[in-house]
Every structure is written in structure tokens, then in C-alpha cells.
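In: Next input, structure requested:
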Amino acid sequence: MIVCALSTSALAQKILLFVENFSNMEFYSYQRLPALRIIESLLRNDGDVITCLFSRQSGKSNMLAALGAGLTVILPVLARTFPDDERLARLDTWGSGRGIQIGIFGPNQESTGPIYERMREIVMSEHAQEICADPEISVHLVQSRGDSLQWNTGARVRAKTANEGAFVEGKTYHLVIIDEAQKVLGAKVRKEISPMLAATNGTMVKIGTAWMSRGGFHLDIQTNILVQKNGGKQNHFEFDYEIVIREKRALYDRQKRSYDQYQQQMADLRAGRRKEPPAANLRTVVPDATHLSYEKWLTGEIRRLGGTHSEEFKMNFKLAWQESRQIAFTDDELTRGAMPNVEMVSSQRRGVIVAGLDIAKSNDSTVLTVTEVDFSIPIHEADVSRAQTTPVDVHYIKRILGWKELQGSFENLQYGGIVDFLSGFAVQRLVGDSTGMGDPVMERLEVLLAPLAIEVVPFRYGTASKSDLYKYYLQEFKSGRIQYPAGELTQDSIEFRHFIEQHSDLVREYVGSYLSCSASEESLHDDYPDSSALAVWASRDIMTARELPSMEVSGFGAVGVTRFGSGGPSRLERYRRHR
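Out: Take a look at the predicted model:
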């Protein structure tokens, strides 16, 4: 068998050296780290999503262009040289001679154009052509168009826009690079771009800078950071302007030292103090002063802006995601509510349980959230105007037990799905969106759920009512009184992913005194936040009945031990009487 004897890490290092030589570039250290990880991911075929945050104008486009150009040349050659090496054979798709396929996507042509044009400049350069003509490499371009490059090995690069209206489906890639990822819709990536990596278990690279709306890019960053904290591999790389300045200056200083040594050795040779020519690894040309241009420009920019405190500077150069009032939930707030050792359940026959139902609009899903109110640990809020120990309000933890996402028409699918799901729980009250078509839906659900003794309460969305709904929901979530399952199995579920994504994408704004919460973009969804908020709203009055002694449930659909027995009215009847 003919395989490469190098370890994967060592092979990746060699490939990166070729990439730098082919592109006639010396990478900064902050460019080398993610480049090496991308190469290793391709060789290991781990199918990872790699995220990179780069300060503006720090050379990310040059790095991507050099990487794409170099990989399309060297990987098919290595696959041909070591035909039995699985790491390389994977990149010669199905052994057909169809070399590595790379797709470059961006929110518009202006973002993909510079990378692609720089890549074409590299491969068309005299230096690169000399390398390609080497008999051991022997590759040449067979196509060079405005949006694609193809080699005689079958290796190809395509540059496409990923704006909302663009059609990008239908190709297969080993490597997808999404530039300016903070501006590309997460739904576009999930639905149209990610599936193009399925046949190869390919690698996705999302690269960009911080932004106002977090979306899928920010979520992937947080996921990668969390995985690394828990002992996993590093898949996120972040380099702000201070790191870029430091590394650019360090490279200039290394070049200057090397050049100065060359000059000194040449002087010694001419003066007879040295017999051998200067060392071959020394730099023979003056150091590249453009390495210092970034620092000079930023110094002037900071002076012009009066410091580094402007929101644009924080996002573009300090890589600070803009946690303004527009963002409903910070990452810390979302993380605080997670229960990593708890899985979502499809049934629970004890406790005080409520539910929230968000009914699908066009292009949305109907989402049902079931939540338990934990009366075991009351949380007292003190009246600070009097003695701090004087409680004026009592709160309780609300724990989400599970979610149900339904699609299709109510007549054919959803009524049965809702009833089946709720029948597994001792649900006391369901609050549902009755806006628009929700009125007849809630009326029918009231009839269908009557045998389960579930109180059905319609909630009509309006400016004032939805403001009250979300003010209460945000208050409970931010105070840590809402918890949700986040066990290993739950995290693999589509329900959990949608819950996190939609809460991450939720933004808030005030119109006068009214709070409005919705998805950050029209193409995104807020079904899970709405459903969860309705479930939490359903618990408000129920929490005043906390004096009830028993939480045990006996019998199908019961809401208390007395539901089917003697000894007085049921919990539901007492609750209704209390209201």
C-alpha cells in the first residue's frame, strides 16, 4: 500500500507550507492557526463547522484566497501520489479523479468577489504557473470564469452569493467557506448550503466579524467555544485588532532581523571576515513595511473617532457583539437556564403543569411548550422601601419539560398531535394564541381537551397584551426562574436547536411604553419564544394556589388527588372558584 508516512498534523503543516509558497505569501500566526485547522479537518474528514472572527482589514480574504488556490493544486496531486491513503483519497471524490470541490459564499457579490479575484490572481501569477508546470505536479487550469476555476485534475472553486433570493443548491463540496458570515441568514445556510456537504461529510468555515444581529454565525461560535471548554477540539479562532497589530509587527521585526543578518554576513564576506556566503534561510530583500500600515491606519482611526468606544469600532475591530437593548437575551442569560443533566420528556403525571401554544402563521410551525411550576422552593422578593426581610411577592421556578413542533394543517395533523402530546402530562391549563385563525382553533381545542380536564385560555395578541406577555417572560427568564432541559440527547433534537436559535435571534424594541419582541429578520422565526412565553403566562394565576397540599396525580388527565375521588372539589374547581 502506498500511503503518506506523515501524521495528519505533520501532513497539514507540509500542505500549509505549500500553500504559502504557492501564493508567495508568508502567513501571520493568526492566519496560520485557522488555516491549519481547516486543512486538518479536511484530512480527518470530521465534518466540523469552523468559526473565525477577524478584525477588519486584517488579511482574512488573502488567507482564504491563498488557502483555496493552494489546496486545489496540492491535494489532488497528493491523492495521486499516495493512492491508498484514505485521508487524501476522500478528496479525490469516489476515486473518480474529481478533485477537491470548494465553494465560497457571501451575502453579496461584493464579499465573494475580492476573495475569488485574489485567488485567480494567485493561480495566474508567473510564480504559481512555474510551480504548476513542475513535472511532479503537472496541473493546469482548464477553466477560468468570472465565478469558477477548474483544474485538469477536476478540482474546482466556485464563488456564489448567498443572499436571500439567490438559488445556490445543487452542487457537492468538500469545503464551504462563508465570508462575512454575520450577514448571511442562518436559515439560508441550514436549508441550502449545509446539505451540499452531506455527500462528502465536508467542512464548513464561517468567517467574519461581530455584528448587531447574532443569528446562526454567533450561535456556532458559542457552540464551538463551549465544546472547547468541555475538552473538545478548538474550532473557533478570534483575533481582534490588538492581536493583529502585534503579529504584523512581530513578522516585520523577524524579517528585519533576518535581513540585517544577511546584510552583516554579506559585509563580512566582502571584508574577508567570512568565507562562506550568507546562510540560505536569511532574507535577501528589505522587510515589507506594509506590515506596519495596519497599525498606522488604526492609530489615525482611533484618533479620529476619539477613542475605541464607538459601537462601530467595537464590532469591527474589538470583535464585540453588540449587546444592545435590541437583543432580547444575552448568552449568559440563555446559558443560565440550561439544565445539562436533564432530558426533555414526553410524559409526566405529577406536579402542577401548564402549556403554551403558538399557532402557525404562514411559513411557521405550530409549537407547543409544556412547563412545570416548582412550588418546593419559594423565592421571596423583598420590599426595599421597608425592612429588607419583608416579602411582597413570591416567585417559583418554571421548568420546561418538553416541546412539540407540528407542521401541516390543523384539520389533518395538528389537532391530533396536540391532544396526543398533552395527554402524556397532567396539564392544568393551556394558553394559546387566538389571534386571527387562532380563535376557532382554540374553541375546538377546548372541546377536544375537555376530557383531559385542561382549561383552555385564549390569548389575543395586541400591542398592549403582547407587551405584557414578554415583559413577564423576560423578567422571569433574566431572573433565572425559567429552566429548560439541555441533556446530551436533548441537545441533538431539532426542538432544542430551534429553541436556542430562535431565542438567540429574538430582538426587542420599545414603541412608547410598549415592548415588542420578534425575530431579528423576517425570514427567521419566533415560534418557540412565543410558545414558551405563553406557557409561563399560563402559570401566573396558578401560582397563587400554591397552598394546595398534594401534587400527586391519580387517573388519566387528573389535576389533583381529589379529581376522581371524594374529599371536596378538585384542584381545577378550586382554582376556578379562586379566580
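
In: Look through this protein and tell me its longest helix.
Out: Ranked by residue count and defined by DSSP state H, the top helix of the chain is helix 241-270.

In: Next SSE downstream of it?
Out: With elements assigned by DSSP states H and E, the helix or strand that comes after helix 241-270 is helix 293-305.

In: Any idea how far that next one is from the middle of the chain?
Out: Here the centre of helix 293-305 is set off from its chain's centre by 31 Å, with C-alpha atoms, centre = their mean, to the nearest Å.

In: In CSV, list the C-alpha atoms belonging to it.
Out: What follows is helix 293-305, C-alpha atoms only, in CSV (Å, rounded to 0.1, in the frame of the first residue of the first chain):
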residue,chain,number,x,y,z
SER,A,293,0.5,50.1,7.7
TYR,A,294,-2.4,48.5,9.7
GLU,A,295,-1.1,49.9,13.0
LYS,A,296,-0.6,53.3,11.4
TRP,A,297,-4.1,53.4,9.9
LEU,A,298,-5.8,52.3,13.1
THR,A,299,-3.9,54.8,15.2
GLY,A,300,-5.3,57.5,13.0
GLU,A,301,-8.8,56.0,13.0
ILE,A,302,-8.8,55.8,16.8
ARG,A,303,-7.7,59.4,17.0
ARG,A,304,-10.4,60.4,14.5
LEU,A,305,-13.1,58.6,16.5
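
In: and the longest helix of the chain, which residues are buried?
Out: By 16 or more other C-beta atoms under 10 Å, the buried positions in helix 241-270 come out as 241, 243-245, 247-248, 251-252, 255-256, 258-259, 262, 265. Yep, even glycine has a C-beta here, placed from its N, CA and C like the rest.

In: before we move on, what about stretch 287-304?
Out: Buried residues in stretch 287-304 (16+ other C-beta under 10 Å): 287, 291-292, 294-295, 298, 302.

In: Pull the residues that contact it.
Out: Identification of contacts with stretch 287-304 by C-beta atoms under 8 Å, 6 or more residues apart in numbering yields 57-58, 241, 244-245, 248-249, 251-252, 255-256, 259, 308, 313, 317.

In: Would you confirm that Ser467 contacts Tyr514?
Out: Yes. Using C-beta atoms under 8 Å, Ser467 is in contact with Tyr514, at 4.1 Å.

In: ok, the closest residue in space to His236 that isn't next to it in sequence - contacts?
Out: Nearest in space to His236, with sequence neighbours left out and distances taken as C-beta to C-beta, 6 or more residues apart in numbering, is Asn224 at 3.8 Å. Taking C-beta under 8 Å, 6+ apart as the criterion, Asn224 is in contact with 49-51, 234-236.

In: chain center to the helix or strand hosting Thr112, what's the gap?
Out: Applying DSSP H and E as the criterion places Thr112 in helix 109-124. Taking C-alpha atoms, centre = their mean, one finds the center of helix 109-124 at 26 Å from the center of the full chain.

In: Break the protein into its domains for me.
Out: For the chain, automatic domain parsing gives the domain ranges 8-239, 244-316, 337-488+527-578.

In: Compare the ones you listed and give me the one nearest Val507.
Out: domain 8-239 (7.2 Å; C-beta to C-beta).

In: In the stretch 51-200 of the chain, what residue spans correspond to helices?
Out: Here the stretch 51-200 of the chain has its helices, by DSSP state H, counting those that start in this stretch, at 60-81, 86-89, 109-124, 126-133, 186-188.

In: Between the ones you listed, which one is closest to Arg158.
Out: helix 109-124 (8.8 Å).

In: Which neighbouring elements make contact with the closest one?
Out: helix 60-81, strand 101-106, strand 141-144, strand 148-151, strand 156-161, strand 175-179 (3 or more C-beta pairs under 8 Å, 6 or more residues apart in numbering; DSSP states H and E).

In: pLDDT weak spots in the stretch 1-150 of the chain?
Out: 93-97, 111 (pLDDT under 70).

In: try 80 this time
Out: The model of the stretch 1-150 of the chain has pLDDT under 80 over residues 92-98, 108-113.

In: Contacts only, for Ile353.
Out: Residues counted as contacts of Ile353 (C-beta under 8 Å, 6+ apart) are 370-373, 401, 425-428.

In: Pick the one among those residues closest to Ala133.
Out: Closest to Ala133 out of the contacts of Ile353 is Leu401 (66.1 Å), distances taken as C-beta to C-beta.

In: buried residues in the host helix or strand of the closest one?
Out: Per DSSP H and E: Leu401 is located in strand 391-406. Residues 396-406 are the ones in strand 391-406 that count as buried (16+ other C-beta under 10 Å).

In: Equivalent analysis for stretch 145-163, please.
Out: Quick answer for stretch 145-163 (16+ other C-beta under 10 Å): 148-151, 153-163.

In: Check stretch 455-475 too.
Out: For stretch 455-475, by 16+ other C-beta under 10 Å, it's 455-459, 466-467, 469-470, 473-474.

In: who touches that stretch?
Out: With C-beta under 8 Å, 6+ apart as the test, stretch 455-475 has contacts from 328-329, 428-435, 438-439, 442, 445-446, 449, 482, 508, 511, 513-517, 529, 532-534, 536-538, 540, 572, 576.

In: Please indicate which of those residues are buried?
Out: Looks like the contacts of stretch 455-475 have 328-329, 428-435, 438, 442, 445-446, 449, 482, 508, 514-515, 517, 529, 532-534, 536-538, 572 buried, using 16+ other C-beta under 10 Å.

In: The residues you listed in helices, which ones?
Out: Of the buried ones among the contacts of stretch 455-475, the ones assigned to helices by DSSP H are 438, 442, 445-446, 529, 532-534, 536-538, 572.

In: Kindly indicate which of the residues you listed lies nearest His127.
Out: Among these, Pro529 lies closest to His127 (C-beta to C-beta), at 54.0 Å.

In: And the closest one, what's its pLDDT?
Out: Predicted confidence (pLDDT) for Pro529: 96.

In: mind listing what it touches?
Out: When contacts are counted by C-beta under 8 Å, 6+ apart, Pro529 touches 328, 473, 502-503, 506, 517.

In: Next one: it relative to Ala519, how far apart?
Out: According to C-beta to C-beta, to the nearest Å, Pro529 stands 9 Å off from Ala519.

In: Then Glu26?
Out: Glu26 is 44 Å from Ala519, where distance means C-beta to C-beta.

In: and if you look at Val345?
Out: Val345 sits 28 Å away from Ala519, going by C-beta to C-beta.

In: Who has more neighbours out of the two?
Out: Ala519 (20 against 14; other C-beta atoms under 10 Å).

In: which non-adjacent residue is nearest the more buried one?
Out: Among residues not flanking Ala519 along the chain, Asp526 sits closest, at 4.4 Å (C-beta to C-beta, 6+ apart).

In: Kindly report the same for Ile131.
Out: Computed as C-beta to C-beta, 6+ apart, the closest residue to Ile131 that is not its neighbour in sequence is Phe22, at 5.7 Å.

In: Wait, the one you found touches Gly68, no?
Out: No. Contact criterion C-beta under 8 Å: Phe22 and Gly68 do not qualify, at 10.8 Å.

In: tally of neighbours for Ser23?
Out: Neighbours of Ser23 using other C-beta under 10 Å come to 25.

In: Could you check how many residues crowd around the closest residue to it other than its chain neighbours?
Out: Nearest residue to Ser23, sequence neighbours excluded (C-beta to C-beta, 6+ apart): Ala66, at 3.5 Å. Counted by other C-beta under 10 Å, the residues lying close to Ala66 total 24.

In: next one: Ile377
Out: Ile377 - counted by other C-beta under 10 Å - has 8 other residues nearby.
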